[in-house]
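Participant: Okay, predicted coordinates and the sequence, questions at the end:
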Amino acid sequence: MLNLGRRDGPFDPKTVQKPALGTTRDATQAAAGTAARSSSLPPIPTLNTPVTPATPTKDSSAPAPDIAETAGSKLSVGPNIKLKGVEVSNCDILIVEGHMEATVNSTAMKIAQAGTLKGIAVIDVAEIHGEFSGELTARKKLVVHGTGRVSGTIRYGTLIVTEGGDLTGDVKRLDTSADPGQASPTRMSN
């Protein structure tokens, strides 16, 4: 039986020799224990030189940064989690990737594509990729993405519905001159 790579004695990092990746070694690189590489190859990531992801191209029609990236108190209901009969308040950011039946009073809410929320939600900014059913008040902005479905009593300050998004029920814009909890008598035209 072959014992490749087996050490018979205690490990001593001083005696370990690293194989060179290139044919030449710089004295400073050798002292640091790193090998020189050809200029045509990208550097090997190490703990001292972490990988930097490629910068994605930005679509000019893309919305502002994701609300999930915003700082503040955050509650996240992860995938496959079922949360029923709760009241969420004083939450800056609510992220729903699982299934929730709740009453929510939050600053920002994001329902992921696989997420569902049933209940009552009073939010400043709501971003829906998944499903919401119940009473939704988005005081500042409601964004329904192409995979999003919102049904029930919906009140909003500003409304953005991406192609493919579904918005059904009693849908009204909030009256900007009145209290944010009051809806205006104007109707949304289709």
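Facilitator: On my side now, so go ahead.

Participant: which stretches of this structure form helices?
Facilitator: 27-32 (DSSP state H).

Participant: Pass me the low-pLDDT residue ranges in the protein, would you?
Facilitator: 1-71, 176-190 (pLDDT under 70).

Participant: ranges for the strands of it?
Facilitator: 74-77, 82-96, 99-111, 116-128, 131-144, 149-161, 166-173 (DSSP state E).

Participant: Run a quick neighbour tally on N80.
Facilitator: Residues near N80, counting by other Cβ atoms under 10 Å, number 9. From N, CA and C alone the C-beta is placed, and that goes for glycine too.

Participant: gap between it and T116?
Facilitator: Remark: distance between N80 and T116 (Cβ to Cβ, to the nearest Å) = 12 Å.

Participant: What's the local residue count around G169?
Facilitator: 14.

Participant: again but with N90, I slipped
Facilitator: 9.

Participant: looking at it, it is touching S73, isn't it?
Facilitator: Yes - contact criterion Cβ atoms under 8 Å: N90 and S73 qualify, at 7.1 Å.

Participant: Show me what the residue lying closest to G85 once chain neighbours are set aside is bridged to.
Facilitator: Nearest non-adjacent residue to G85, counting by Cβ to Cβ, 6 or more residues apart in numbering: E101, 6.3 Å away. Under DSSP bridges, the beta-bridge partners of E101 are K84, K118.

Participant: again with the one 10 residues further on
Facilitator: Beta-bridge pairing for I111 (DSSP bridges): V96, I128.

Participant: Use 8 as the first number from now on
Facilitator: With the count now opening at 8, the last piece we talked about shows up as I118.

Participant: Please tell me I have it right and it contacts S140.
Facilitator: No - applying Cβ under 8 Å as the test, I118 and S140 come out as separate, 10.8 Å apart.

Participant: Looking at those two, which has the bigger crowd around it?
Facilitator: I118 (27 against 16).

Participant: can you tell me how far that one sits from G92?
Facilitator: 18 Å.

Participant: Please apply the same query to I161.
Facilitator: The value you get for I161 to G92, if Cβ to Cβ is used, is 23 Å.

Participant: Quick check on those two: which one has the bigger neighbour count.
Facilitator: I161 (25 against 9).

Participant: That one: what's it in contact with?
Facilitator: 143-145, 149, 174, 176-179 (Cβ atoms under 8 Å, 6 or more residues apart in numbering).

Participant: and N97, what does it touch?
Facilitator: Contact analysis of N97 by Cβ under 8 Å, 6+ apart lists 80, 112.

Participant: ditto for V132
Facilitator: Contacts of V132 (Cβ under 8 Å, 6+ apart): 74, 114-116, 145, 147-150.
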